[in-house]
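# here are the coordinates; sequence isn't available:
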């Protein structure tokens, strides 16, 4: 039995923990001889379905302000004391769980260096667990990321501790080795795995649309600001845009506020839609793929998971990315817009009129049956699983073995093609 410990650094939003849970799920589904322990500070972990073979340790929450500074989220403790408590829990988990491999999300030393002590205390090379760093496609601006990585010694950490660096992205969109000036010794450990396609939702398009009250072929607009902690402006501007339209011209719209939107803002959204017959809202969904599958145009921010969902379903979309505390979403939205996958409204240009213009353009494209171009590199989960199994010397049973993946970035795998067929079947249902 192989043991994998996953460290997810979540302090803001839902993106990281959703991505790491997808990796964990794929690992245990690919081999019954793998178990996963997730360590995270995400306040929303309990809201997700945790498959058999996966368990978790919940760390005390940290918060991160728009200035990028951390603090204790819930407990009456200083940041220093909270980080020390989290670091002690992490060290104990590594010692007692004795993983064969540790997968670290984004930060080589963890939040506020809380992993540093655990890494330094690992046993000798002969018996220590393998270490793999997982990075999303874009971290932040090139200037900011390069400065922080050099200041914090992250490149040296890769050399000293990590066996491999996996990137769930595509160099065609963003080559972080070049953008972040990875020195040769660190760049040599980087493998691009492609974006992470999403599994089809639990409900068909027809069932989801019926649940939302659509009984004809009218377009459905889905509004999703991700976790919602900083998504109120997108939702409020959407409501203003729709309110300016005559009722007959207002598209059927469904809003998912996100569980981290504050209570006052959520209440305002729900009050607003009471007077808008074509608009509905809910606070949270653990099945966003069903909602996206039912939608025809999506208004969203620029988070990694949301973009992967859009790419998987090839949905027409308008992105309004965040710019604080980092510009990661802005860069991703700009790159994806330039490549024709989405339309972007710059957050500094966001008004009810500019958003309505972008929405109307996407609705017109949908009515003309124009789909966004496909992105072939959506085999991230299969490639990550293959790389992790190879790193810890594990071979999945023949019945569940991950298929060999063509290394040509322009060629999609059988697994990706099968997934695409399943998604198309869902869309056609």
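Noted; the coordinates are in hand. Bear in mind that the values here come from a model prediction, so they are computed numbers and not experimental data.
# Looking at the protein, which helix is longest?
As assigned by DSSP state H, the longest helix anywhere in the chain is helix 79-97.
# Show me what it is packed up against.
Counting contacts by 3 or more CB pairs under 8 Å, 6 or more residues apart in numbering; DSSP states H and E, helix 79-97 packs against strand 2-8, strand 34-40, strand 62-64, strand 70-72, helix 116-120. (Glycine included, C-beta is placed from N, CA and C.)
# Which of the ones you listed sits closest to residue 392?
Among the helices and strands packed on helix 79-97, the nearest to residue 392 by CB to CB is strand 2-8 (5.9 Å).
# so what does that closest one touch, helix or strand wise?
For strand 2-8, the packing partners by 3+ CB pairs under 8 Å, 6+ apart come out as helix 15-30, strand 34-40, helix 79-97, strand 101-105.
# just the angle between the shortest one and strand 2-8, please?
Meaning strand 101-105. Orientation of strand 101-105 against strand 2-8 (axes from the mean of the first three to the mean of the last three CA atoms, to 10 degrees) gives an angle of 20 degrees.
# Redo the helices and strands packed on helix 79-97 as CSV? Include mean pLDDT, distance to residue 307 and mean neighbour count.
Below are the helices and strands packed on helix 79-97 laid out as CSV (pLDDT from 0 to 100; distance: least, CB to CB, whole Å; neighbours: other CB atoms under 10 Å):
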stretch, mean pLDDT, distance to residue 307, mean neighbour count
strand 2-8, 96, 19, 23
strand 34-40, 96, 22, 23
strand 62-64, 85, 21, 19
strand 70-72, 87, 26, 16
helix 116-120, 95, 31, 17
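# Any idea which of the ones you listed gets closest to residue 396?
strand 34-40 (8.1 Å).
# How far does the closest one sit from its chain's centre?
Strand 34-40 sits 18 Å away from the centroid of its parent chain (CA atoms, centre = their mean, to the nearest Å).
# can you count the residues close to residue 362?
By other CB atoms under 10 Å, the residues close to residue 362 number 24.
# how close does it get to residue 371?
Between residue 362 and residue 371 the computed distance is 12 Å (CB to CB, to the nearest Å).
# hang on, the earlier thing: mind checking how far the longest helix of the chain is from the chain centre?
Mean-position distance between helix 79-97 and its chain equals 25 Å (CA atoms, centre = their mean).
# cool, stretch 26-36 as well?
Centroid displacement of stretch 26-36 relative to its chain, using CA atoms, centre = their mean, is 21 Å.
# in it, what counts as buried?
Neighbour counts using 16 or more other CB atoms under 10 Å place 26-31, 34-36 of stretch 26-36 among the buried residues.
# and those residues, which two are the farthest apart?
With distance counted by CB to CB, no two of those lie farther apart than 26 and 35, which are 13.7 Å apart.
# list the contacts for the spatially most central residue of the chain?
Central residue of the chain (CA atoms, centre = their mean): residue 305, 3.0 Å from the mean position. Counting by CB atoms under 8 Å, 6 or more residues apart in numbering, residue 305 makes contact with 14-15, 18-19, 196, 198, 226.
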